[in-house]
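> please find the sequence and the predicted model below.
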Amino acid sequence: MKILALGDVVGRPGRDVLVEVLPGLIAEREISFVVTNGENAAGGSGLTPETVKPLFEAGVDCLTTGDHVFRRKEIIPLLETDMRLLRPANFPNTASGKGFTVLPGRHGERVGVINVLGRVFMKPIDDPFAAADAALNKLAGETDVIIVDVHAEATSEKRAMGWHLDGRATAVVGTHTHVQTADEQILPKGTAYITDLGMTGPHHSVLGRSVEKVVRALTTGMPTHFDVATGDSRLCGVLITADANTHKASAIERIVVKKE
């Protein structure tokens with residue numbers, strides 16, 4: 001089966017390029033399942049029911065998130081009711097939402113998705129490694145493939161997660177830093193890995209934000225509101241080929257598609 005994992009959708013430009021490009025990509029590459037990090041979909045920070053609806057309609061099967069998941073309070077009811085929308089599994093159990101799910105692929109496959117949040121250089125949170133282990137234990141026997149989104153700042157932490165889950169997850173993909181890395185690989189025990197999927201959004205930017213505003217803030221030290229940029233929108237991620245019988249990945253390919 002073919003699994004498409006897409007990097008952080010940033011604001012309206014990210015939503016627009018996904019809606020324009022994804023349906024054709026699904027048909028052209030015969031994609032069975034699409035997982036996308038959507039935590040920046042609403043104005044560059046957080047997400048709302050109105051901003052996730054077109055993503056699902058365009059073909060996204062599961063939305064993962066990260067440290068901005070609760071930035072917009074209006075998303076909380078959807079987190080509690082829609083199995084396609086995740087928050088990191090290592091938030092406290094009392095937090096709204098769930099950290100993993102099982103969803104159907106386009107050809108009847110059972111796809112498990114786990115979402116965890118890194119701790120290095122980020123706000124205090126529960127252990128993502130323990131949370132991933134616990135989720136895998138609960139999903140045992142319930143899935144044909146398992147994708148893990150590690151939303152984290154540090155490359156070392158994401159790579160460590162890849163090795164920690166090698167052979168137990170079909171794919172471990174990193175999100176959060178908005179810059180696609182060139183280290184896609186199949187680990188020795190059959191897990192597809194990449195440190196960061198990149199950004200689905202405006203690439204004439206600084207991580208999706210207005211170049212001028214970010215440069216001004218960094219050169220003056222003055223507080224500045226960072227507007228979402230608008231130029232050079234691209235869809236970024238990886239296409240993973242997996243065997244539903246063995247749970248292993250056999251190929252991983254970086255994907256970058258520019259908006260027409």
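Yep, that arrived. Residues are numbered from 1 along each chain as shown.
> can you name the residues bridging to residue 171?
Bridge pairing for residue 171 (DSSP bridges) gives the partners residue 147, residue 192.
> mind checking pLDDT for it?
Confidence at residue 171, expressed as pLDDT, is 98.
> pretty sure it sits against residue 187.
No: with contact defined as CB atoms under 8 Å, residue 171 does not reach residue 187; the gap is 9.9 Å. C-beta here means a position set from N, CA and C on the backbone, and glycine is covered the same way.
> what is in contact with those two at once?
Shared contacts of residue 171 and residue 187, defined by CB atoms under 8 Å, 6 or more residues apart in numbering, are found at residue 193.
> which one of the two is surrounded by more residues?
Set side by side, residue 171 and residue 187 show more neighbours around residue 171, with 28 against 17, by other CB atoms under 10 Å.
> tell me if I am right that residue 19 is in a strand.
No: assigned with DSSP: H, G, I helix; E, B strand; the rest coil, residue 19 falls outside any strand and is helix.
> now the closest residue to residue 210 other than its chain neighbours: how far from residue 52?
Of all residues not flanking residue 210 in the chain, residue 227 sits nearest, at 4.4 Å (CB to CB, 6 or more residues apart in numbering). Here residue 227 is placed at a distance of 21 Å from residue 52 (CB to CB, to the nearest Å).
> so between these two, which is more surrounded?
Ranked by neighbour count (other CB under 10 Å), residue 227 and residue 52 place residue 52 first, with 23 against 16.
> surely that one meets residue 78?
Yes: with contact defined as CB under 8 Å, residue 52 reaches residue 78; the gap is 7.2 Å.
> what is in contact with the two at once?
With CB under 8 Å, 6+ apart, residue 52 and residue 78 have common neighbours residue 85.
> model confidence score at residue 223, please.
Note for residue 223: predicted pLDDT of 88.
> which ones are touching it?
By CB under 8 Å, 6+ apart, the contact set of residue 223 is residue 217.
> circling back to that earlier point, so the residue nearest to residue 210 touches residue 213, yeah?
Yes: between residue 227 and residue 213 there is a contact at 5.9 Å, judged by CB under 8 Å.
> what are the buried residues along the helix or strand hosting residue 239?
Using DSSP states H and E, residue 239 sits in strand 231-242. Buried residues in strand 231-242, counted by 16 or more other CB atoms under 10 Å: 233-240, 242.
> closest one of those to residue 142?
Closest approach between the buried residues of strand 231-242 and residue 142, by CB to CB: residue 242, at 16.1 Å.
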